[in-house]
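S.K.: no sequence for this one, just the structure:
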């Protein structure tokens, strides 16, 4: 059924469709209405789940870890400072190979205090062993949560999944969303049946001490699971597309097939870029959906024919002078022998609006570079001219 | 190797004999002992035991020599003595 939904509500509806057993959340800023909607659903008896209101995000994730270890399907949502506060426990969730699904509403980190949209929060967790999916629309947010449980709970994978959606731009904005029928979701997503779980009848210890003679092997297992996750994300999305008629892949291409300039971005910014690309020639957008594991081969293929790649992203790797994704694109260009100039465009930090003019400016810089003119390796879009 | 560092055999931790970490060992003087059981209660390793005759001793395979038993003993019946090879 098509409904007008805030992104937060679309996520809550997905959680309900997935028959989640346990939701643990901390309800204060920078939380989103996602957990409020879920609390209401549980209170109204629409969702038969245990709702644990905890005293911090650190505890929210810890409660999810405990619940997931008993075999419960588990969900939480967070944002910016909340995700940062979870940092330590994120590694425990992934190390214990628990298929927790979390929605992160992408928001800036303090200081200065700022609760508006950017992607610095989840970028800072890129090595934590979580699968990361960045969505463009509210529809994709709902669909990705459903897909996330299939990916996470697959015994070949067993990794937690973070669905990243732009704070405010998606979470607090209404869009038409097709909410699939419960029966179809039930068929697509069978109940979670873990191979190992905490059970008094069959006691086990999970996440035990791993001494130097074993620790590396466990990390290698996680790395292999990440490789498998790449295939699983594609497989699950293809099946989702057959059942529900909507598919996303690990990335999306938009614009000229043989463009000289290729722009790369994550999340909802793709919408603005698509509008700009519509009015221009010789430019293509690659909207990366899967960021962890990084689908390097797919990105390399999507960059074909490009002489300049402009990476527009809402984060800055301080001390590196460019966005984090940009560095990774440079790395894969080296690995795959792609001879393209890769430029960083830092934009939208702390909720700064990324206007069509900003995207046009980025394209202009890329074209200058393509003509062999000297350009800066990093451009901050929409930056006010102030004395440093 | 099960993913997630899972140990499916309960109680297998006892194979890790932590007594080797010890620098001081508890020595029980049963003449001073009033059988209060404090050492037995407070031992964080649960390695102090009481025999049927009421004699206390520490299992040196697991005693890490922390000295909590000696500290808690109200009659100073336990002394911590340097391990000498």
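M.R.: Right, received. Where do you want to start? Everything numeric in this text was worked out from a predicted model, so none of it was measured. Numbers count the residues shown, from 1 in each chain, chains lettered A, B, ... in the order given.

S.K.: domain assignment for chain A?
M.R.: Annotated domains of chain A cover A:2-244, A:252-380 [automatic domain parsing].

S.K.: which one of these lies nearest to residue B:79?
M.R.: domain A:2-244 (31.6 Å; Cβ to Cβ). All C-beta atoms are positioned from the backbone trio N, CA, C, and that covers glycine.

S.K.: in a markdown table: the domains of chain A, plus distance to residue B:30 and mean neighbour count.
M.R.: Formatted as a markdown table, those follow (distance: least, Cβ to Cβ, whole Å; neighbours: other Cβ atoms under 10 Å in any protein chain shown):
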| stretch | distance to residue B:30 | mean neighbour count |
| --- | --- | --- |
| domain A:2-244 | 36 | 20 |
| domain A:252-380 | 62 | 19 |
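
S.K.: would you reformat the ones you listed as JSON lines and include mean pLDDT and distance to residue B:54?
M.R.: Formatted as JSON lines, those follow (pLDDT from 0 to 100; distance: least, Cβ to Cβ, whole Å):
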{"stretch": "domain A:2-244", "mean pLDDT": "97", "distance to residue B:54": "33"}
{"stretch": "domain A:252-380", "mean pLDDT": "98", "distance to residue B:54": "61"}
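
S.K.: any idea how far residue B:65 is from residue B:20?
M.R.: 10 Å (Cβ to Cβ, to the nearest Å).

S.K.: which positions in chain B make contact with chain A?
M.R.: B:1-8, B:10 (Cβ under 8 Å from any Cβ of the partner chain).

S.K.: out of residue B:20 and residue B:65, which sits in the busier spot?
M.R.: residue B:65 (22 against 10; other Cβ atoms under 10 Å in any protein chain shown).

S.K.: the more buried one contacts residue B:26, correct?
M.R.: Yes - counting by Cβ atoms under 8 Å, residue B:65 does reach residue B:26; the two are 7.3 Å apart.

S.K.: any idea which element the residue nearest to residue A:343 when sequence neighbours are not counted lies in?
M.R.: Counting by Cβ to Cβ, 6 or more residues apart in numbering or on different chains, residue A:310 is the residue found nearest to residue A:343 once chain neighbours are left out, at 5.0 Å. If you go by DSSP states H and E, residue A:310 is part of strand A:308-313.

S.K.: where does chain B get nearest to chain A, which residue?
M.R.: Nearest residue of chain B to chain A, counting by Cβ to the nearest Cβ: residue B:4, 3.7 Å away.

S.K.: contacts for the one helix or strand residue A:361 maps to next, please.
M.R.: Residue A:361 is located in helix A:356-370, with elements delineated by DSSP H and E. Helix A:356-370 is contacted from outside by A:260-261, A:263, A:272-273, A:275-276, A:280, A:283, A:307-310, A:312, A:341, A:343, A:345, A:347, A:375-376, A:379, A:381-382, using Cβ atoms under 8 Å, 6 or more residues apart in numbering or on different chains.

S.K.: quick one: strands adjacent to the very next helix or strand once past it?
M.R.: Once helix A:356-370 ends, the next helix or strand along the chain (criterion: DSSP H and E) is strand A:378-380. Strand A:378-380 has the following strand partners under DSSP bridges: strand A:341-346 (parallel).

S.K.: next one: the partner strand to chain centre, how far?
M.R.: The offset between the C-alpha centroid of strand A:341-346 and the centroid of the whole chain comes to 21 Å, using Cα atoms, centre = their mean, to the nearest Å.

S.K.: next one: stretch A:206-219
M.R.: With Cα atoms, centre = their mean, you get 28 Å for stretch A:206-219.

S.K.: what's the answer for stretch A:149-165, then?
M.R.: Its chain's average C-alpha position is 12 Å from that of stretch A:149-165, according to Cα atoms, centre = their mean.

S.K.: can you tell me how far the residue in chain A that chain B sits nearest to is from residue A:271?
M.R.: Relative to chain B, the nearest point of chain A is residue A:97 (3.7 Å; Cβ to the nearest Cβ). Residue A:97 is 35 Å from residue A:271, where distance means Cβ to Cβ.

S.K.: what's the answer for residue B:44, then?
M.R.: Residue B:44 is 58 Å from residue A:271, by Cβ to Cβ.

S.K.: repeat for residue A:346
M.R.: Residue A:346 sits 19 Å away from residue A:271, going by Cβ to Cβ.

S.K.: ok, now residue A:314?
M.R.: Relative to residue A:271, and taking Cβ to Cβ, residue A:314 is found at 13 Å.

S.K.: same check on residue A:37?
M.R.: Using Cβ to Cβ, residue A:37 is found at 24 Å from residue A:271.

S.K.: and the angle for the helix holding residue A:361 with strand A:308-313?
M.R.: Orientation check (axes from the mean of the first three to the mean of the last three Cα atoms, to 10 degrees): helix A:356-370 against strand A:308-313 gives 150 degrees.

S.K.: and the contacts of stretch A:221-229?
M.R.: Here stretch A:221-229 makes contact (Cβ under 8 Å, 6+ apart) with A:94-95, A:97, A:129, A:131, A:151, A:156-159, A:292-293, B:1, B:3.

S.K.: how about a cut-off of 10 Å?
M.R.: Stretch A:221-229 is contacted from outside by A:94-95, A:97, A:129-131, A:151-152, A:154-159, A:161, A:232, A:236, A:290, A:292-294, B:1-5, using Cβ atoms under 10 Å, 6 or more residues apart in numbering or on different chains.

S.K.: shaky segments in chain B?
M.R.: For chain B, the stretches flagged by pLDDT under 70 are B:85.

S.K.: 50 instead?
M.R.: For chain B, applying pLDDT under 50 flags no range at all.

S.K.: any idea where the helices of the chain begin and end?
M.R.: As the question left the chain open, I've gone with chain A. Residue ranges of the helices in chain A, as given by DSSP state H, are A:7-17, A:33-43, A:57-69, A:80-95, A:120-123, A:138-153, A:182-188, A:212-244, A:269-278, A:296-302, A:324-335, A:356-370.

S.K.: correction: the question concerned chain B.
M.R.: Under DSSP H, chain B gives helices at B:38-42, B:68-72.

S.K.: contact residues of chain A facing chain B?
M.R.: Within chain A, the positions near chain B by Cβ under 10 Å from any Cβ of the partner chain are A:69, A:94-98, A:155, A:157-159, A:194-197, A:202-211, A:214-215, A:217-218, A:220-222, A:224-225.
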